[in-house]
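S.K.: Kindly return the folded structure for what I paste below:
(one chain, ligands or ions: 2)
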Amino acid sequence: MEYALIVAGGKGLRMGTDLPKQFLPIGGKPVLMRTLEAFYACNAEIQIILVLPHSQQDYWRQLCKEYCFSLPHVIADGGETRFHSVKNGLALVKTPALVGVHDGVRPFVAREVITRCYDLAAEKKAVIPVIGVVETVRRIGGEGSVTVGRDDYRLVQTPQVFDAELLKAAYEQPYMPHFTDDASVVEALGASVFLTQGNRENIKITTPFDLKIATALIDSCSI
Ligand SMILES: Nc1ccn([C@@H]2O[C@H](COP(=O)(O)OP(=O)(O)OP(=O)(O)O)[C@@H](O)[C@H]2O)c(=O)n1
Ligand SMILES: C[C@](O)(CO)[C@H](O)COP(=O)(O)O
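M.R.: Numbering: from 1, shown residues only. Ligands and ions are numbered 1, 2, ... in the order given. Here you go, the predicted structure:
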């Protein structure tokens, strides 16, 4: 059994729009619908769990009617942080299974990345997509700053795919502020995480600038 746990329980403060960013239309369709479609296109049997703030769930159902969006999915309540949102969604996961946790605001994840992450997770139990850093990186310290070797760093994307029992055990740990993704939660349990190549288009739509990039990506490719 494969699950996609799509988290869209955040506040979108950096986007700053009245309409939560996951509902903003790009190319005439809400971001979140594009994200769910990306997973369904890879596996029509996948079990999709969508995490949304309770206050936005009626609006989402209304949008689904408006756009005749009928991909099967169940809805869980968003939490105070991404960690708490993932934990709420995980409560609906039955084991044994693989669970891919994916940001609702990353609609441009490539099909081959999704497929590869799930395929590798069947063997490695914990797999995350990453991309290289293409600019020079500096570490800021008390006494100034210093260039660091960019080849030593990677930018982390989603979906982050795990053996469901491992992920559930990891999310039983108390919340820590450095849990900014699922890999950091699993690693805190002592497990290793396997890295695989992500795709550069797989941006997290976070700011108004990202929305411009997203619109350009829709216009320029067939994702
Ligand atoms: N309590 C939270 C916080 C975040 N997320 C989700 O985690 C993903 C990555 O978070 P980010 O893009 O940073 O979204 P927000 O937390 O909404 O943004 P901001 O920090 O600007 O408010 C998003 O799909 C977001 O909805 C979530 O499900 N529950
Ligand atoms: C999970 C994530 O998308 C990996 O890059 C990212 O850490 C989420 O960012 P946030 O701003 O902390 O929600």
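S.K.: List the residue ranges of this protein that fall below the pLDDT cut-off.
M.R.: In the predicted model, the chain carries pLDDT under 70 at residues 221-223.
S.K.: Residue in it with the shortest distance to ligand 1?
M.R.: Residue of the chain nearest ligand 1, by Cβ to the nearest ligand atom: Gly10 (2.1 Å). (C-beta placed from N, C-alpha, C; glycine too.)
S.K.: and Leu32, what element?
M.R.: Using DSSP states H and E, Leu32 sits within helix 31-42.
S.K.: Contacts (any at all) between ligand 2 and that helix?
M.R.: No - using Cβ under 6 Å from any ligand atom, helix 31-42 stays clear of ligand 2, coming no nearer than 12.4 Å.
S.K.: picking up where we left off before, would you check how far apart the residue of the chain closest to ligand 1 and ligand 2 are?
M.R.: To ligand 2, Gly10 is 6 Å away according to Cβ to the nearest ligand atom, to the nearest Å.
S.K.: wait, what's in contact with that residue?
M.R.: 78, 82, 85 (Cβ atoms under 8 Å, 6 or more residues apart in numbering).
S.K.: tally of neighbours for the residue lying closest to the first one once chain neighbours are set aside?
M.R.: What it means is Gly78. Closest residue to Gly78 apart from its sequence neighbours, by Cβ to Cβ, 6 or more residues apart in numbering: Gly9 at 2.2 Å. Using other Cβ atoms under 10 Å, the number of residues around Gly9 comes to 26.
S.K.: Equivalent analysis for Thr17, please.
M.R.: Neighbours around Thr17, by other Cβ under 10 Å: 11.
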